[in-house]
Each structure stands twice: as C-alpha cells, then as structure tokens.
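Q: Coordinates for the following, if possible.
(chains A, B and C)
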Amino acid sequence: MAEGKFQSSRCTNCGSTDFIKDYEHGELVCEKCGYVAEEHIVDRSAEWRAFDEEEREKRDRAGAPLSLMIHDGGLSTQVGRAPPSMDQEHVDRMARWQDRVRVSNSSDRNLSHALNVIMKVGDSLNLPRTILESSSLIYRRALRSKLVKGRSIHGVVAASVYISCKQFGMARTLEEVASACAIAKKEAGRSYRYVAWELSVLTPPTSPEFYVTRFSEQLELPRSVEIFALKLLKMAVDLKLTSGRGPTGLAAAVTYVASLLAGEHKTQREIAEVAKVTEVTIRNRYKELLERIEITTPI
DNA sequence: AAGACGAAAGTGGTTGA
DNA sequence: TCAACAACTTTCGTCTT
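A: Predicted structure coming up:
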C-alpha cells in the first residue's frame, strides 16, 4: 500500500523526524532539508491519520476503503476532522453514479449538473478529490433539504465547496470560490451562510496558517521563511492580536515580516498581490505585531 | 525611481435597537 | 429598518533608501 511509505516518518535524506505539511500541494516536507517525503498526501488522505495508530489499525482491519456513504449525514459531527479517504475507485463510483442518475427525475438532473460544476470548480481551484467528494456530499444534503429550490445551482455549489474547504483547512477565500463558480462574492456569501445555517454545519474561520503556507509557496519563499512566519503567527495568536482580523491580511503581514527579517525581502506590493489584500492592511497588521513582539533575528 | 508610510474618505457587512 | 461600528480598501501626498 502506498500509505505504508508515508508511515516511516523519518526523512530519507537527512534523517530528521520533523515534517511540515504543504497543504497547497498535498506534500509532506522535511523541515530540515526540504526533502519531499510523500506526495499527494491529501488525495490519499493520509496526513491526518498517519500518526494515529488506532485509526490506522482500524482501517487495516476493515480492509476495503471506507464507503462514500459513510460520511453522509455525519458531516456536522465531523467538524475539524477530515472525512475518510477517497481513491480512484471512489471517483469511478462517483462518475458511474452521476451517469446513472442523468436520465432520472428533476432533482437527479440537478444533482448531475451540480456534480459537473463541482468538478470544474475543483479543477480551477486546484482542489484535491477528497474535497470534491465532500463538497458533493454537502450539495446532496442541501438538495435533499430543498435548499436548492429557488436558488442558483452555482450558488449552492459555491457554498458546498467553500464549506468543505474550510472543514479541510484548505486555504481558499470566498472570493476565489465565488469567481471559480462565476458568481459574485456577495451571492456566494449569502448562499454559504444559508446552506451552513440550514444544514447546521459548523465552519470555523480558515486559520491564517493555511494562508501562510500558501502565500510562501506562491512567492517562492524558502521553507525557512515560511516556518519563521508561522512562528510569528503563533506569537500573534498568543497575544490575541488575531481576533476579528481577516486571516489573509494577518498571514500576509507575518509573511512580509518573516521575509524581511530573513533577508529574503519581498515588497509589500508583491505580498499584497498574492494575498489579495492591500498594502495598507499589511502595514496595519504588522505594525500591531511589531508593537507587541520583540523580534529577535532569525536563523 | 521604487518602496514604504500614514492620513482621510469610502465601501460592504454585521449588530443591535 | 436604520444607525453605529469595525475591518478593510482606495487614494494620495510625503518620506526613505
């Protein structure tokens, strides 16, 4: 099994046991040397469970992969935890299921259409299959609860995708999801609040740390800078500097400071661009940070 | 000249009466 | 429904490197 490889949590390059997760690419990367220990961990859904012996044993004993039906109805109780994995077999099953319902009644046609949209959105947002499957389950629950009636399919798809991104800690903003669904942010937001409320799905705000990882990657900053930024972020959280603040602005600010102090200087403009916030916001955030934190030179 | 700074006014969303 | 509010944006003049 591919998962087995992942279990040896020692870097084959330098022997370190410290790994960090790259959510953007679903990779497990050695903290010391940057060696990519395992790719596509998100697709295999290994990263959340690989260090949990009990879970792994359970799965080993069960043998076959967990069914798509299992997390149906269980979403509201699974907040913060990743649903079971999905492999090629699941994708095939989903496709077959999609084909099967195509000719049936109106709600099945609606579902079929929505699944197509979800696939496209997932493609343009670079989302792993696990999230797409989870999105489709949320959509299906919304459909069953008659939430789609009188609303646009795209709106409910946006809500479903956004909710499952949040549940998986996948850093995607509402704006990005909305634009992938070709709808306005306002409509996506309305739809998201409605669906989340009606389905009683708890969605904690996306943690800034997921954005830090993503921005560092997009800016091609070295791993050390990202790690430093995460440390700064933790300080900010501990100092309660984060409440009420947008996660992207915060992530942008710590990324900026980290890049500065690590001698890998990026301009406020560059960071503002990938973070989709303004330079002013970056300045305001990091000013607050510098007022409260004694910066010691990193590395 | 580019980057950073910060003041001031404007925007869109939330909250609470 | 409306006003107050906080976070954020836009714009722009000024300072720094």
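Q: Residues of chain A that sit close to DNA strand B?
A: A:Lys185, A:Lys186, A:Gly189, A:Arg193, A:His265, A:Thr267, A:Gln268, A:Arg269, A:Glu279, A:Val280, A:Arg283, A:Lys287 (C-beta under 7 Å from any atom of the strand). For glycine as for every other residue, the C-beta is placed from the backbone atoms N, C-alpha and C.
Q: A:Tyr256: which of those residues is nearest?
A: Closest approach to A:Tyr256 among the residues of chain A next to DNA strand B (C-beta to C-beta): A:Gln268, at 6.2 Å.
Q: ok, the closest one - contacts?
A: A:Gln268 makes contacts with A:Tyr256, A:Glu279, A:Ile282, A:Arg283, as judged by C-beta atoms under 8 Å, 6 or more residues apart in numbering.
Q: who wins for neighbours among those?
A: A:Tyr256 (28 neighbours; other C-beta atoms under 10 Å).
Q: Wait, that residue touches A:Ile282, no?
A: Yes. Using C-beta atoms under 8 Å, A:Tyr256 is in contact with A:Ile282, at 5.5 Å.
Q: Chain A: strands as residue ranges?
A: Here chain A has its strands, by DSSP state E, at A:19-22, A:27-30, A:36-38.
Q: sorry, back to before: now the common contact residues for A:Tyr256 and A:Ile282.
A: What both A:Tyr256 and A:Ile282 touch, as defined by C-beta under 8 Å, 6+ apart, is the set A:Gln268, A:Ile271.
Q: For the stretch 51-200 of chain A, give the residue positioned nearest to DNA strand B.
A: Taking C-beta to the nearest atom of the strand, DNA strand B has its nearest neighbour within the stretch 51-200 of chain A at A:Lys186, 3.8 Å off.
Q: For burial, what's the neighbour tally of that residue?
A: Neighbour tally, A:Lys186, other C-beta under 10 Å: 10.
Q: tell me the contacts of A:Pro222?
A: Shown in contact with A:Pro222 (C-beta under 8 Å, 6+ apart): A:Ala262, A:Glu264.
Q: any idea how far A:Gly263 is from it?
A: Look at A:Pro222 and A:Gly263: by C-beta to C-beta, to the nearest Å, they are 10 Å apart.
Q: same check, this time on A:Thr203
A: 38 Å.
Q: Also A:Leu219?
A: Distance of A:Leu219 to A:Gly263, given as C-beta to C-beta: 14 Å.
Q: same question, A:Ile163
A: 40 Å.
Q: Ok, A:His154 next?
A: Distance of A:His154 to A:Gly263, given as C-beta to C-beta: 45 Å.
Q: Looking at these two, which is more packed in?
A: A:His154 (20 against 10).
Q: can you tell me which residues contact the more buried one?
A: A:Val117, A:Cys181, A:Ala182, A:Ile183.
Q: And the pLDDT for A:Lys149?
A: Looking at A:Lys149, its pLDDT is 82.
Q: now A:Ser191
A: Looking at A:Ser191, the pLDDT reads 88.
Q: Looking at the contacts of A:His154, which is nearest A:Thr173?
A: A:Cys181 (12.7 Å).
Q: quick one, phi psi at that closest one?
A: Backbone torsions for A:Cys181, taken as degrees, to the nearest 10, come to phi -90, psi 0.
Q: thought it was touching A:Val156?
A: No. A:Cys181 is beyond contact range of A:Val156, at 9.6 Å (criterion: C-beta under 8 Å).
Q: Okay, now the unreliable bits of the stretch 1-150 of chain A?
A: A:1-91, A:94-105 (pLDDT under 70).
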